[in-house]
Structure formats: C-alpha cells, structure tokens
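K.L.:
Task: produce atomic coordinates for the following.
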Amino acid sequence: MKSLITVLLLSAAAAFADNSTQPVAVKPPSVAAEIVVTASALPETVESTPAAVTIITKSQIQEKGARDVADVLREVPGIVMSRTGSEGRATSLFTRGANSTHTLVLWNGIEINNPYFAGYDWGRFSTAGVEQVEVVRGPYSALYGSDAVAGVVNVLTAPTRSGLGGGVEVGGNGLRNGNFDASYVNGNQLLNASVERRVDSGFAPNDDFAQNSANVLWKWTAADSFSIGVAGRATRYDLGIPFDLNADATALVRTPQRRQHGSERQLAVPVSQSFGSFGYELTLSESRRSDDFHDPHDPFGLIDQNTDSTARRARLTVRDATVFGTIVAGGEYARANVTDVSTFGVNLANDRRSERSVFAEDRFSHALAGSSRLEVSAGARYDRFDTFGSQTSPRLAAAWIFGANKLRAAYGEAFRAPSVGELYYPFSGNRNLRAERSRSAEIGWDTTIGTSGTVSATLFHGTYRDLIVFDNAAYAFANVGRARSQGLEVGASAGIFANLTAALSYTYLDTKEAATEQPLLRRPRNSGSVTLTWRHGEVDSSLVFLHAGRRDDILPVAPFARVSDRAYSTLDADVQMRLDRFTPYVKLENATDTRYEEVRGYPSPRRRAIVGIRFGM
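P.N.:
Okay, the predicted model is just below:
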C-alpha cells in the first residue's frame, strides 16, 4: 500500500513540476454542441434548453476513474448521495433536498425505479458502457409522470463512434475489476455492448461485494425516416452485510453470515418513424429486479426473504412542427407487479398497480431583437391509477438567451404515486393512500466563458404535501407528511491555464419538516466539490475534493433519537499516462484516510490505492 501511494504522489509531482514538455490545452466540448434528450420531449442543446441541466461525458468518467455512476453524481450541483457503508451497499440520491423517492431514474429513456417501495438503489450501477449521464433538476411529472418530483437522471449508452475499449484494475482490500466494451457506428447500424466483472473484499469481515454487469444497444435505420432497436441491461450481485441490530436493538453487532444477492434486468424495443415534420416514437419496455436476503443467525431465528418485481410499460409519442412551435403529444400505459415472500409467509402475492396517461408539450423558440431569443417549454400530463385516482401535472419553463447569457425560470407541479409495498404490505400497508404532491419554482442564470467554460446558478423553492410516512398512531403508512426545501445550486468550470482546468459545484439547502420544524434527514446545509485537472504532455492528473456539512440523522440503535452527524471532506487523486492506445493509471481514493459516515452507523471506505490500465482503439 505505501509503495503504491509513493508512486502516485511522485507521479503527480512530476506532472505538476516538469515543464520540459510543451503543455497541451484541455478542450472540453463546447456548450453549444452538447445535446440533452431528457429535459424535453425533443433533443435540444444545453445552450438552448430552459432547464437546469448537467451533462457528464464518458471522457469525464474515465478521467476520474469512476467505477459507479453514483461517484460522478456526487459532483453535480443540487445532488446529495448517501451510501450505507462500502461499495455495493444501499445508496440514496437526494435532489434539491427532496426525498430519495422523488428522483426518476432512466436507462436509455427506460424508467427503472423500484415499484416495491419506490426510489432507486444506486449502490450497484456501474459506469461500464456508459457514454453520457444527464441530470435534469426540477419537477418533470408533466413529461414523465410519477416519481419525477425533483429531477430526472438519464444514463445513456448510445455510442458516437466505432471502437474497442476496456481495462483492468487492482486495489487494496481485494478490489479486482475488469471491463470490456465494443461499439460499431456505420451508416444505418449502431451497436454497443459492454461487460464488467468486479470483486471487492471490503473493509470489514463479511463486507465483500461481487458484481457482474452487461449492456447491449442495437439500432437499425432502414432509411432516414424509420428505425428500430433493442436495448438490454443485466446486473447480478452478491454482498455481505457486516452489521445488524442485536435482539434488544441496543447495539450494532457483527453478522458474519448475513448475505444479500440479486439481479436487475431491463429490456426495451424502440421504434420511430418520420414523415417530414411529423413523426412518432413507440417504446415497449420491461424492468425486472430480484433481491434475496438470508441470515441463519438473525436474533429472531433463520431469516430468508425474496422480493421480485416487474414493471412493463408502453409509451407512444407523436410530434409535429407548427407555427406555435413543435408540439409533442403522447400516451403511456404501465403495470407493476411485486411478490414478496419471507420465512414468516407471503407478504405480497403478485400485487399490482397500473396507470394510464396522456401528455402534451409545446417547445417554442422565438427570435427577439438582435441575436437574442426566447425559448419556451409548456406541457401538462394527466395520469390515472387504478389505486388512488388521477393526477394532473403542469409545467412551464422559459429562457431569455442574449449573447453568452441565459436567464431562465420555471414552475411545475409533480407527484409520486404510492408504491406497491406502501399500498399492500401486511399490517403497514394502506390501500387508501393518495399521491404525494409538490409545487416547485426556480430562477437561474447560465453563461459561457470562452468556448468551453461555464457558470450556472439556480435559486429554487419546493413544497411537498401528502408525504407518505409511517403513522405511529395508526401503525400504518399515511399521507401525513409535509415539508419544504429551498436553496441555491452553483456550478462552474473553466480553463485556468493552458493545461489546467477547474470545476466547482456548491449546494446550499434549507429544508424543514412541517411537523417537527426540523431539517430533513441526511441533507447537509452546505455541500460541494472542487475538481482540478492538469494535463502535461502524456500525463493527466486530477484531484477531486468533496465536502458535506453537518446534517441530521437517526441513531441506528434504541432509542433511535435524532442526532447531528459531523461534516466531512474527502480527497481523491488520480494520475494517468496516455500512451497511444493504452492508458496506465494509479489512483488514491480517500487519500487523507478520513473516517466518516454518510449514514449514521455505517462506516464509509477508508483510504485505498488502485493501479490499472485502460485501452481503447
């Protein structure tokens, strides 16, 4: 370990100190050239969209040596991540202070949130095969329906060019990781496939983690007007759970045989066709997941539990260019089924929830005086569920673009439908639950610096009603929660010198739970990151500094009181050498060996050194 650290620090020193080679300027893609497909029903440039958007590219993921999507999301303004210990464990994402169940997660446009108890576990989403991650902040139920309350994260794997790539890496605490990807882009064919195998011994007994993942995306275009494709993703994992409560809930004790394993699969068939300005797109998709839990020495005896969930969806959109802008309208049908069986019996037996919806959006652009222009996005969606009734979600966003500046504002209403578990789970389930609802407004300013530098700042305010929480009086879930969240998010990136770039993110959060007048749990008032990237000849070096301020949490043992977790900061260092088709690298995670917990009672990983090599052709 010490020798690896020494190599890393010496390599970084050489990269920063050696000036004998002519520096090469770091040139990220221009803002005007970046395309976002999540903020509207139509593809648009980041420069023109009236939304708060962050794009993370494949090259940025590789520069940081990030193995999981959660690791790059930590540097996005307005986002807070909380992981229960080491890699692979349950990881929650909070957007603008909203609940972890209030962010919709897409993979190539396919909804993958868990219908069992809502939300999405980011603990096992590998970056293997990922070409781009789009993070859109704000309410988007007008376009996507349930769960898109505070934002949408869309992970995309469509390649832009042909090639082969992959890599292997080894690190402390038994980390072994290997991946391979291949892409083909030529004329009417597009194909991308990737595989990854990872094992990790963790930082404590029974803290190990193993994962296999694979992605495939194929698209065939018969002519300029018609295309059909197939997208598939599969992940299988196995991990240990090193701690759990003792029988009287007074302490966390080691659990050497407490295990969890499972799988997640997505499959979709998209079809699209255009007739001049008119076109349609039909997507049929299925998302499945299975999670198994086993502990032969639980304080209450043998525990076995299996949960299987399936969500099927059909989405049709049509579009046409008119004098009033490009009109997009569509409909959607979805059905989710969940089965949950434990040692104590059947909890859910193929219980289901279904929905039907219609939606429309007008994307309008109007030239103003000089080179300025107005960009407007207005839409609404009507959802009807078989469980609680209907919900209507409007959204209006506008941006005034003048020179290198963009002033934008948006208002929207959103909702989250009760999950299958909240509706039907024995004893705690409540079939009379209503949807959680929100109203949100924001105002923001974006500007560009040169060809690639950017500055973005957004003030936001959101109120949340009818939140589903466990009601101790009724001993069941109920719509009794209310909260509000407001704050400021700032993002900036720019070239400092010809070979040095810097990126900054900062989030200020002011959250409050109405019933207690206290801050919402695990949302720090202040958080952010600073990333420095130095390119000198063939050597790239990066430093990533992350900070999370004090935040409230719950004591994991009796009496489960509210506590305040101390602030923490971490530093990751990475040095890579670009040698034509091969890129060897060394990385030091948590370089300062900080002891911290993102969730009270679950120690986060300590310092780890990694060496690896990546290839591409």
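
K.L.:
isn't there a strand covering residue 423?
P.N.:
No. Counting by DSSP: H, G, I helix; E, B strand; the rest coil, residue 423 is located in no strand; its state is helix.

K.L.:
Offset the numbering so it begins at 239, please.
P.N.:
From this message on, residue numbering opens at 239, which makes the last subject residue 661.

K.L.:
what about it, neighbour count?
P.N.:
Counted with other CB atoms under 10 Å, residues neighbouring residue 661 total 22. Glycine gets a C-beta too; all of them are placed from N, C-alpha and C.

K.L.:
give me the element the residue lying closest to residue 335 once chain neighbours are set aside is part of.
P.N.:
Spatially, and ignoring its direct neighbours in sequence, residue 335 is nearest to residue 723 (3.2 Å; CB to CB, 6 or more residues apart in numbering). For residue 723, the host element (DSSP states H and E) is strand 714-735.

K.L.:
The residue nearest to residue 335 reaches residue 337, doesn't it?
P.N.:
No. Taking contacts as CB atoms under 8 Å, residue 723 lies outside contact range of residue 337: 9.6 Å.

K.L.:
and for these two, which residues touch both?
P.N.:
residue 702 (CB atoms under 8 Å, 6 or more residues apart in numbering).

K.L.:
circling back to that earlier point, from residue 758, how far off is the residue nearest to residue 335?
P.N.:
Distance, residue 723 to residue 758, by CB to CB, to the nearest Å: 7 Å.

K.L.:
do the same with residue 683
P.N.:
Residue 683 is 27 Å from residue 758, by CB to CB.

K.L.:
Compare those two (neighbour count), which wins?
P.N.:
residue 758 (20 against 13).

K.L.:
How about the more buried one, nearest residue that isn't a chain neighbour?
P.N.:
Residue 758's closest residue in space is residue 749 (CB to CB, 6+ apart), at 4.1 Å.

K.L.:
Likewise for residue 613?
P.N.:
Residue 613 sits nearest to residue 637 (CB to CB, 6+ apart), 4.4 Å away.

K.L.:
thought residue 724 was touching residue 748?
P.N.:
Yes. If you go by CB under 8 Å, residue 724 and residue 748 touch, sitting 5.2 Å apart.

K.L.:
Give the intersection of the neighbour lists for those two.
P.N.:
Joint contacts of residue 724 and residue 748 (CB under 8 Å, 6+ apart) are residue 335.

K.L.:
The two: which is more packed in?
P.N.:
Neighbour totals were compared for residue 724 and residue 748, and residue 724 leads with 19 against 14 (other CB under 10 Å).

K.L.:
From residue 749, how far off is that one?
P.N.:
Counting by CB to CB, the gap from residue 724 to residue 749 is 8 Å.

K.L.:
overlap in contacts of these two?
P.N.:
With CB under 8 Å, 6+ apart, residue 724 and residue 749 have common neighbours residue 335.

K.L.:
circling back to that earlier point, and the residue nearest to residue 335, what is it in contact with?
P.N.:
334-336, 698-700, 702, 747-750, 758, 761.

K.L.:
run the last query once more with 6 Å
P.N.:
334-335, 700, 749 (CB atoms under 6 Å, 6 or more residues apart in numbering).

K.L.:
what does residue 362 give?
P.N.:
326, 449, 473, 475.

K.L.:
which non-adjacent residue is nearest the last one?
P.N.:
Excluding the flanking residues, the one nearest residue 475 by CB to CB, 6+ apart is residue 449, at 4.5 Å.

K.L.:
Check the first one too.
P.N.:
The spatial neighbour of residue 326 that comes closest, neighbours along the chain excluded (CB to CB, 6+ apart), is residue 447 at 3.5 Å.

K.L.:
Next one, pLDDT for that neighbour please.
P.N.:
The confidence metric pLDDT takes the value 98 at residue 447.

K.L.:
just residue 272 next, same as before
P.N.:
You'll see residue 272 listed with a pLDDT of 75.

K.L.:
That one and residue 734, how far apart?
P.N.:
Applying CB to CB to residue 272 and residue 734 gives a distance of 21 Å.

K.L.:
next one: residue 601
P.N.:
For residue 601 relative to residue 734 (CB to CB), the value is 37 Å.

K.L.:
The two: which is more packed in?
P.N.:
Using other CB under 10 Å as the criterion, residue 601 and residue 734 rank with residue 601 on top: 22 against 13.

K.L.:
what are the bridge partners for the more buried one, then?
P.N.:
Going by DSSP bridges, residue 601 is paired in beta bridges with residue 564, residue 615.

K.L.:
where in the chain is pLDDT low?
P.N.:
239-271 (pLDDT under 70).
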